[in-house]
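S.K.: Fold the stuff below for me.
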Amino acid sequence: MPELPEVEVTRRGILPHAQGKTVAKVKIHHPKLRLPIPNKIITRLQNQKISRIVRVGKYLLFHTAAGTLIFHLGMTGYLSLLSKTKSREKHDHFDLVFQDNTVLRYHDSRKFGLIRWTDTDPLRHHLLKAIGPDPLTNQFTGKYLYGKSRNRKIAVKPFIMDAKIVAGIGNIYACEALFAAGIHPATPAGKLSEKKCAGLVQAIKKVLRKAIETGTAVMVFQPDREWSGYFLQNRAVYQRAGAPCKNCGVLIEKIRMGQRSAFFCGKCQRQNV
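M.R.: This next block holds a predicted model:
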């Protein structure tokens, strides 16, 4: 599933190929996603210039004078760039055809992505209005996290994955950040000290920025090149159950927390915080 770094790397990759261009045509090939792609996008976007492409959590926003196109890549979705319109594959859902004949195409095999349109402030859209601060902004601080965590019995891992608390932290980077901060994933959020909250915020920012830097360096977003938006990471704990911890050598453990797996080092990450 694309997480925040993958979405940000995608944004940076498509930026020079889409921002500033004018949409000549919109093609909806298969409208069925998590919600059907609205037909009004075809008329709303035609002849509109993409003025800005920004990321809010795991959402990509394509701003125009007429309104904003909202993308969520779901579990398997990705955007690719074509030098011209080409025959589509089974899971190609949506094309933005620009005036220079290049095409931005959305592919999603599991159909969990979203493509929406709003004529008004996108941050007031029901998908976005309730989400918390982006973890890479100055609004996400140790003081903020400490205040939100007070009297919360929920484990810290699902707590920081709650988009209403902070936008865009998925399973991979929650595990990695908690390891970097030395916090056991099952620790009740309300038990975190102010110092630990500050350390966790710093760890989240560092892990995400490192992932974005890695992805930007290794991914090449060019017309007609294979692109899925995914890239390999040098992970400390995620999906390393049974392997030695890179810090202490103790074997990495795996537990189920809700519907997700949590990976951690029982020696480096303690619940007594």
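
S.K.: for the stretch 1-150 of the chain, what spans make up the helices?
M.R.: 4-18, 40-45, 142-149 (DSSP state H, counting those that start in this stretch).

S.K.: Pull out the buried positions in the longest one.
M.R.: This means helix 4-18. Buried residues in helix 4-18, counted by 16 or more other C-beta atoms under 10 Å: 4-14, 17-18. Bear in mind the C-beta positions are built from the backbone N, C-alpha and C, glycine included.

S.K.: Could you give the average pLDDT over that helix?
M.R.: For helix 4-18, mean pLDDT is 94.

S.K.: those helices in the stretch 151-273 of the chain, which residues are they?
M.R.: 156-160, 171-181, 194-218.

S.K.: Nearest to Q48, out of those?
M.R.: helix 194-218 (27.7 Å; C-beta to C-beta).

S.K.: helices or strands up against that closest one?
M.R.: Counting contacts by 3 or more C-beta pairs under 8 Å, 6 or more residues apart in numbering; DSSP states H and E, helix 194-218 packs against helix 4-18, helix 142-149, helix 156-160, helix 171-181.

S.K.: Please report the number of neighbouring residues for the nearest residue in space to K129 that is not next to it in sequence.
M.R.: Of all residues not flanking K129 in the chain, L123 sits nearest, at 6.5 Å (C-beta to C-beta, 6 or more residues apart in numbering). A count of neighbours around L123, defined by other C-beta atoms under 10 Å, yields 13.

S.K.: thought L123 was touching Y59?
M.R.: No: using C-beta atoms under 8 Å, L123 is not in contact with Y59; the gap is 10.2 Å.

S.K.: one step back: I'd like the helices and strands packed on helix 194-218 written out as CSV, with distance to P135 added.
M.R.: Below are the helices and strands packed on helix 194-218 laid out as CSV (distance: least, C-beta to C-beta, whole Å):
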stretch, distance to P135
helix 4-18, 7
helix 142-149, 10
helix 156-160, 9
helix 171-181, 9
